[in-house]
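S.K.: All I have is the shape, not the residue letters:
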């Protein structure tokens, strides 16, 4: 064979013999060699005088990348993109991030370290090696312990290495040639056949995922949960005595955020017992003004004088500056807004409780402005 | 290429006399301070004594665990340094002396010992079948007996082997280890429940025993590492090399991570569930100055040792190992202080009473090592695994 020589290989019977042979190889000055054994031989890296692998630093960088990335992603999601209250906790609840950040750190550190090992040290996309399929490789991956000195070594001389191996007690000394077919071919990674295989795998995975999520999950028995008997809105029920499927709230309970109004149809009681709960501040008056201008001023006028902005399209309401309204307690004004009066409809559905009370404040401000006392001028 | 080291038949074993002097001095000063503390501030002193007791349980019983672990796993790397944890397991009998003063102060320590309080409290009444003085005392005594017995048996077999070279002693130690390890798990868990968790008798955490275990082994490893490195530097433990120290360092690093993992697991579940009957324990440690201690604990017991021990060289560098071992022992004290003291002082306050207790512990260990080294070889020369342990390669 006139193909170029890759290396010379030899086998040794035991890990100890291998260790001694490696020490001799190092002593003889060979640098381009490698050692193969079916399992890690303790102390081999020191016998080969290997320095610490730089892969650890890759793992460190990738791990930090994973930690920062995971915390960054969760911060962005919970604070910026989709703030959601979970279990009454603050949006940025770092303890909940720790397990995720930990997992992502480990995942990126391990996966990317393997990937960088394949890319940098195994020279991806090259996936062939002259030792592949040699009798030597078959032995060292079952029961043999071997050394392989490469032809690229500056001290390499086939006869000398052969003698060297023999002097160490090596057996099965063999020459390994480059596979010319492989070399001419270049990286097999870009072989049409290989690319087609990858494409097929991708297609099969995508198709089966699609089928799983869109067909299988809707076939029995996976759809049983979806098809179970359940009550829809407004449906009649044979189970309950009154035949109504929807259940009223338990007696004595109210929905969250709802404050019941106990003075329905009792304007006098409302005036007697209700007290404006809002503090009189610039902010409440500003809210009252904004809401008054939106909801009240079309009929009552911008300043509550009963001069409708709608120019008689509706019957003009009375002025809010009359003695009657001025001497009304806050609760009465609130009651009228809540329940309506005469032609005025109820505004409880348009205005929240606080907004109605803010308007009461604003009406008081308007009344004071129209009927200023002497003392206000000082 | 064998780099095996042969131990001389009778390795030098006379530790420097200064060990005795310093140990005695520390013990003497410590005992004086402790007595003063008990006279002037008996309640605070008894809480400090709980910290010391649990600290010494950590080193002493943790050392028995390390010995048992070597036997049960058939480890060879730790054989040349096994005498150090064996010596440390001699702490067990002295734990009796450390725990006795506490029984005079049970009323100051444990709310559940007040019978009228238990009667008025349904939670404590429900726990009273377990938390009562009789059963508590029986448990503590039984646990101490188990520790002392196994510590004695392991060391007796091992030292007998120095003379007889009988390999069957190793086999009986393996059997002992198999019996001891489940007992160790039970005794240590319930020691943590009894002496630390029941200080807040309303509170409960099922992971508490594991948390205590992680800190315990960390302390035992740190003490072992420190003594092994010091003895090696002075030439008393020849034949140890990078591979041995790397293993010790890697174990310490592993348990630093394990401790943080368990500590965080305990916190995360309680934080997530947010139940008032569980959260108040952490709230107490996040108020009135205890925040400082909580943050300090994370920094000293996790962040700093994690970063320092992370590089591969750090685990083989004797100087860094030595510093980290001392550091982790101090961190263990912070950890126990953080567990125990908030019950006594809801406001973080440091007192002079705390000073004497670590002195007693350190002095005791120094004297113990010195005394044991006079009686026994520093290396188990009769162990059949010794040569393999010396030839150990990573």
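M.R.: Nice, I can see it. Keep in mind the model is a prediction, meaning the values are calculated, not measured.
S.K.: Check which element follows the worst-scoring helix or strand of chain A on mean pLDDT along the chain.
M.R.: Ranking every helix and strand in chain A by mean pLDDT, DSSP states H and E puts helix A:180-185 at the bottom, with a mean of 69. On the C-terminal side of helix A:180-185, the nearest following helix or strand under DSSP states H and E is helix A:192-214.
S.K.: gap between that following helix and the chain center?
M.R.: The chain centroid and the centroid of helix A:192-214 are separated by 26 Å under Cα atoms, centre = their mean, to the nearest Å.
S.K.: Could you identify the helix or strand that succeeds it?
M.R.: Downstream of helix A:192-214, the first helix or strand assigned by DSSP H and E is helix A:224-227.
S.K.: where in chain B is pLDDT low?
M.R.: B:1-13 (pLDDT under 70).
S.K.: Quick check, the residue in chain A closest to chain B?
M.R.: residue A:43 (3.2 Å; Cβ to the nearest Cβ). Where you see a C-beta, it was placed from the backbone N, CA and C, and this is true even at glycine.
S.K.: so who does that residue touch?
M.R.: Contacts for residue A:43 were tallied using Cβ atoms under 8 Å, 6 or more residues apart in numbering or on different chains; they are A:19, B:393, B:394.
S.K.: Tell me the one of these nearest residue A:296?
M.R.: Proximity of the contacts of residue A:43 to residue A:296 was ranked by Cβ to Cβ; the top entry is residue B:394 with 84.5 Å.
S.K.: As a check, name the ranges of all helices in the stretch 101-250 of chain B.
M.R.: Under the criterion DSSP state H, counting those that start in this stretch, the stretch 101-250 of chain B carries helices at the ranges B:106-109, B:115-119, B:122-127, B:133-164, B:168-195, B:208-233, B:242-273.
S.K.: ok, back up a step: can you redo the contacts of residue A:43 as JSON lines with neighbour count?
M.R.: Below are these laid out as JSON lines (neighbours: other Cβ atoms under 10 Å in any protein chain shown):
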{"residue": "A:19", "neighbour count": "23"}
{"residue": "B:393", "neighbour count": "16"}
{"residue": "B:394", "neighbour count": "15"}
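S.K.: Of those, which is the nearest to residue B:114?
M.R.: When the contacts of residue A:43 are compared against residue B:114 (criterion: Cβ to Cβ), the nearest one is residue B:394, at 55.9 Å.
S.K.: On the three-state scheme, residue A:172 is what?
M.R.: Following DSSP: H, G, I helix; E, B strand; the rest coil, we place residue A:172 in the strand state.
S.K.: mind listing what it touches?
M.R.: Residue A:172 touches A:9, A:10, A:11, A:135, A:136, A:139, A:144, counting by Cβ under 8 Å, 6+ apart.
S.K.: how much space between it and residue A:135?
M.R.: Note on residue A:172: its distance to residue A:135, by Cβ to Cβ, to the nearest Å, is 7 Å.
S.K.: which other helices and strands contact the helix or strand that contains residue B:20?
M.R.: Residue B:20 is located in helix B:18-40, with elements delineated by DSSP H and E. The contact analysis (3 or more Cβ pairs under 8 Å, 6 or more residues apart in numbering or on different chains; DSSP states H and E) places helix B:18-40 against helix B:42-73, helix B:353-375.
S.K.: Let me see the confidence value for the residue of chain A positioned farthest from its centre.
M.R.: In chain A, residue A:374 marks the outermost C-alpha relative to the chain mean, sitting 65.6 Å out by Cα atoms, centre = their mean. Predicted confidence (pLDDT) for residue A:374: 77.
S.K.: Tell me how far stretch B:129-145 lies from the chain's centre.
M.R.: With Cα atoms, centre = their mean, you get 20 Å for stretch B:129-145.
S.K.: Run through who's touching it.
M.R.: B:92, B:95-96, B:99, B:103, B:106, B:110, B:112-113, B:124, B:187, B:190-191, B:194-195, B:198, B:201.
S.K.: Compute the number of surrounding residues for residue 263.
M.R.: Here I'm looking at chain A. Residue A:263 has 18 neighbours, counted by other Cβ atoms under 10 Å in any protein chain shown.
S.K.: Can you look at chain B instead?
M.R.: Residue B:263 has 20 nearby residues by other Cβ under 10 Å.
S.K.: From start to finish, how long is stretch A:293-305 in a straight line?
M.R.: Stretch A:293-305 has an end-to-end distance of 13 Å (Cα to Cα, to the nearest Å).
S.K.: Mind listing what's buried along it?
M.R.: Of the residues in stretch A:293-305, A:295, A:296, A:297, A:299, A:300, A:301, A:304 count as buried by neighbour count, 16 or more other Cβ atoms under 10 Å in any protein chain shown.
S.K.: Secondary structure, distance to residue B:153 and pLDDT added to the residues you listed, as TSV?
M.R.: Below are these laid out as TSV (DSSP: H, G, I helix; E, B strand; the rest coil; distance: Cβ to Cβ, whole Å; pLDDT from 0 to 100):
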residue	secondary structure	distance to residue B:153	pLDDT
A:295	helix	89	89
A:296	helix	92	88
A:297	helix	95	86
A:299	helix	98	85
A:300	helix	97	87
A:301	coil	100	84
A:304	coil	96	83
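S.K.: would you turn the residues you listed into TSV with distance to chain B?
M.R.: As requested, the buried residues of stretch A:293-305 are exported to TSV (distance: Cβ to the nearest Cβ, whole Å):
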residue	distance to chain B
A:295	41
A:296	45
A:297	48
A:299	50
A:300	49
A:301	53
A:304	49
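S.K.: Pop out the phi and psi values for the residue of chain B found nearest chain A.
M.R.: Nearest residue of chain B to chain A: residue B:393, at 3.2 Å (Cβ to the nearest Cβ). When read as degrees, to the nearest 10, the backbone of residue B:393 gives phi -120, psi 150.
S.K.: and the closest residue to it other than its chain neighbours, what pLDDT?
M.R.: Leaving out its chain neighbours, the residue that sits closest to residue B:393 by Cβ to Cβ, 6 or more residues apart in numbering or on different chains is residue A:43, at 3.2 Å. On pLDDT, residue A:43 comes in at 83.
S.K.: gap between residue A:43 and residue B:243?
M.R.: Counting by Cβ to Cβ, the gap from residue A:43 to residue B:243 is 8 Å.
S.K.: Between the two, which contacts overlap?
M.R.: Residues touching both residue A:43 and residue B:243 (Cβ under 8 Å, 6+ apart) are B:393, B:394.
S.K.: how about the helices of the stretch 251-378 of chain A, start to end?
M.R.: Under DSSP H, counting those that start in this stretch, the stretch 251-378 of chain A gives helices at A:267-273, A:282-291, A:297-300, A:323-327, A:330-339, A:353-370, A:374-377.
S.K.: Poorly predicted segments of the stretch 251-378 of chain A, please.
M.R.: A:378.
S.K.: Residues of chain B that sit close to chain A?
M.R.: B:1, B:264, B:267, B:268, B:271, B:272, B:274, B:312, B:313, B:393, B:394 (Cβ under 8 Å from any Cβ of the partner chain).
S.K.: neighbours of the fourth one, just the number please.
M.R.: For residue B:268, the tally of surrounding residues (other Cβ under 10 Å) stands at 14.
S.K.: which phi and psi does the residue nearest to it when sequence neighbours are not counted have?
M.R.: Distance criterion Cβ to Cβ, 6+ apart; nearest residue to residue B:268, sequence neighbours excluded, is residue A:95 at 5.4 Å. When read as degrees, to the nearest 10, the backbone of residue A:95 gives phi -60, psi -30.
S.K.: residues touching residue A:95, list them.
M.R.: Residue A:95 sits next to B:264, B:267, B:268, B:271, B:272 when contact means Cβ under 8 Å, 6+ apart.
S.K.: Nearest to residue A:240 among these?
M.R.: Taking those together and measuring to residue A:240 by Cβ to Cβ, the closest member is residue B:272, at 37.6 Å.
S.K.: Spit out the contact partners of the residue nearest to residue B:277 when sequence neighbours are not counted.
M.R.: Closest residue to residue B:277 apart from its sequence neighbours, by Cβ to Cβ, 6+ apart: residue B:202 at 6.8 Å. Counting by Cβ under 8 Å, 6+ apart, residue B:202 touches B:123, B:124, B:277.
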